[in-house]
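**Student:** Below are the sequence and a predicted model for it; my questions follow.
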Amino acid sequence: MLVNLYNIRNFHLNIRNDTLMRIPLSKLEVFDAIVRAGNLRGAAAALGLRPSTVSHQLKTLEEQIGSALFIRTTRSISLTEAGRALAQSSSSAFDLLTDGLESARSAGHAARGALKLAIPDLAYQLLVRDVLAAFKDEYPEIEVELSLTDALSDILDEGMHAGFRLGGMVAQDMIAIQLTGPLETIVAASPEYLEKYGTPVNPSDLLQHNCLRYRFPSSGQIGPWTFTGPDGQYQVDIGGGVITNSSPANIELAVRGLGLTFTFRDYCRQALELGTLKEVLTEFLITVPAVNIYFPREYRKMLPLRLFIDHLKQHRA
């Protein structure tokens, strides 16, 4: 299939010989069409041009190169040595251009290709971890790349198609889709820890307990323990002997009796159901904004992304 570049006037091929010539790619396309069709009339039909236009473009190309490319008779047209040399190179080049344009035309419009996502551990644990295998089973030709980060990623600079964010505003040129409702927080510890050290009844009691703290990998800040009371939300400056940069690790340590953890209820729902964790301070807990996925407006019709979002929403419902 021919690539119709005839009307793209800014495409040129630089040829260095004694002088530098700039040959429009459309003229080379005319040459390639003549080679493929075997005559000027067939090339004109393939390109949607008049035969006289094809003849003129060929003459101009030969003048720029400085060599005749075809031997013309009243009955046939055949390549010269110069024509054969050019045809050997241009034919494969136009095949590559055709493949490239077809790839660009289909990219994002088929259930295949790359899908690159910047995702914090929270969104991975709550939304992606348990459903990714089913998505891959359904769409095996979509390559999912997850960049796990708690930083507020610039997805365009990082070559990502979409990112996840806990609430917050996104840039004006981005689209945000809510994937969860508001998230409930929880303070929990193992029954063994509470039996040994007592159960806090007020957030201020945490100052007397070992609290498993979380440090954000990107900012280096310690995650706050935030509660609500008659005067609104407030934070307790807790302490403890263990700090990690992994909420799942803190939950595991809490199950093992090392202290209390402040996290999201959905994170430790299984441990609560099994009884390996017990929640405390329930009347003081807060909710935080929903998790959103955001992406540039240009990707709103990107099929792999749309399929992935639909898959997440379907399994979250």
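**Tutor:** Cool, got the structure.

**Student:** Now do the buried residues in stretch 265-278.
**Tutor:** Burial within stretch 265-278, assessed by neighbour count using 16 or more other CB atoms under 10 Å, is assigned to Tyr267, Cys268, Ala271, Thr276, Leu277, Lys278. C-beta here means a position set from N, CA and C on the backbone, and glycine is covered the same way.

**Student:** Report the contact partners of the third one.
**Tutor:** The reference is to Ala271. Under the criterion of CB atoms under 8 Å, 6 or more residues apart in numbering, the neighbours of Ala271 are Ala188, Ile251, Val255, Leu277.

**Student:** Where does pLDDT dip in the stretch 51-200 of the chain?
**Tutor:** The model of the stretch 51-200 of the chain has pLDDT under 70 over residues 74, 91-110, 151-153, 168-172.

**Student:** dump the residue contacts of Phe308.
**Tutor:** The contact partners of Phe308, by CB under 8 Å, 6+ apart, come to Leu115, Leu117, Phe135, Ile142, Val144.

**Student:** now the helix or strand hosting the second one: how far from the chain's centre is it?
**Tutor:** Right, Leu117. Take DSSP states H and E as the rule and Leu117 turns out to sit in strand 113-119. On the basis of CA atoms, centre = their mean, to the nearest Å, the separation between the geometric centre of strand 113-119 and that of its chain is 3 Å.

**Student:** got the contact list for it?
**Tutor:** Outside strand 113-119, the residues that touch it by CB under 8 Å, 6+ apart are 107, 128, 141-149, 153, 155, 158-164, 304-305, 308.

**Student:** picking that back up, the buried residues of stretch 265-278 in strands, which ones?
**Tutor:** Assigned to strands by DSSP state E, the following of the buried residues of stretch 265-278 qualify: Lys278.

**Student:** can you list the buried residues of stretch 265-278 in CSV and add pLDDT and distance to Thr226?
**Tutor:** Shown next, in CSV, are these (pLDDT from 0 to 100; distance: CB to CB, whole Å):
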residue, pLDDT, distance to Thr226
Tyr267, 87, 16
Cys268, 91, 17
Ala271, 95, 21
Thr276, 98, 25
Leu277, 98, 20
Lys278, 97, 21
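
**Student:** In TSV, list the buried residues of stretch 265-278 along with distance to Arg41.
**Tutor:** Shown next, in TSV, are the buried residues of stretch 265-278 (distance: CB to CB, whole Å):
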residue	distance to Arg41
Tyr267	71
Cys268	76
Ala271	78
Thr276	82
Leu277	81
Lys278	86
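
**Student:** which of the contacts of Phe308 are buried?
**Tutor:** Buried subset of those (neighbour count, 16+ other CB under 10 Å): Leu115, Leu117, Phe135, Ile142.

**Student:** roughly how far apart are the last one and Phe135?
**Tutor:** Spatial separation of Ile142 from Phe135 under the definition CB to CB, to the nearest Å is 8 Å.

**Student:** Likewise for Ala123?
**Tutor:** Relative to Phe135, and taking CB to CB, Ala123 is found at 15 Å.

**Student:** repeat for Arg265
**Tutor:** Using CB to CB, one gets 25 Å for the distance from Arg265 to Phe135.

**Student:** How about Thr80?
**Tutor:** Distance, Thr80 to Phe135, by CB to CB: 57 Å.

**Student:** repeat for Ser52
**Tutor:** To Phe135, Ser52 is 56 Å away according to CB to CB.

**Student:** got the buried residues for the strand holding Leu117?
**Tutor:** When neighbours are counted by 16+ other CB under 10 Å, the buried residues of strand 113-119 are found to be Gly113, Leu115, Lys116, Leu117, Ala118, Ile119.
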